[in-house]
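# what's the 3D shape of this:
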Amino acid sequence: MTAKDQILVAIYLEYQKDIPDMTQIKATNLGLDHSVFKVALKKLDNELMVNGLKFLAGGANGIPADVYVGNAQMAPSGIKYVENILKVRPEMSKIEKIQAITSKATEWGWEQMKDISAKVLAEIIKSQIEFLK
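Down below sits the predicted model:
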């Protein structure tokens, strides 16, 4: 998977939560170089896959000086793209989607995404249990 794909899947996973915290989407959490991370986010913004990114200009060689992802949201085209590459059906529940992504991450040997998806799954299950109380 490309850096763009990795970031988009991470945003998609976070988007599954009732209250997403996009500040959790970080280069270090994905095992990506910071410059690669910033350029990939700029490309996702240009391709209208993600909305709400804030870029700080002034970096070298066309690389943004910084990117704020706290207000990021999946665009419809980004959702369709992720669901297509991961074979996730829109009608699946949040838990089923995350389980499918965890399975793919394991199959591809992508440890960072496996860890992120397990964390998101635990948070969703916890929020559902709290809701039932």
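# Could you count how many residues lie near residue 121?
19 (other CB atoms under 10 Å). Every C-beta, even on glycine, is put in place using the N, C-alpha and C of the backbone.
# in whichever helix or strand residue 40 is part of, what counts as buried?
Following DSSP states H and E, one finds residue 40 within helix 34-46. Within helix 34-46, the residues scored as buried using 16 or more other CB atoms under 10 Å are 36, 37, 38, 39, 40, 41, 42, 44, 45.
# Over to stretch 61-78?
63, 64, 67, 69, 72, 74, 75, 78.
# hang on, the earlier thing: which one of the buried residues of helix 34-46 sits closest to residue 83?
residue 44 (15.7 Å; CB to CB).
# which non-adjacent residue is nearest the closest one?
residue 50 (4.6 Å; CB to CB, 6 or more residues apart in numbering).
# since we're on the one you found, how many residues are nearby?
Neighbours of residue 50 (other CB under 10 Å): 26.
# Contacts only, for it.
8, 11, 41, 44, 72, 73, 74, 75, 78 (CB atoms under 8 Å, 6 or more residues apart in numbering).
# Helix, strand, or coil at the closest residue to residue 52 other than its chain neighbours?
Once flanking residues are discounted, residue 52 sits nearest to residue 71: 3.8 Å by CB to CB, 6+ apart. Following DSSP: H, G, I helix; E, B strand; the rest coil, the label given to residue 71 is coil.
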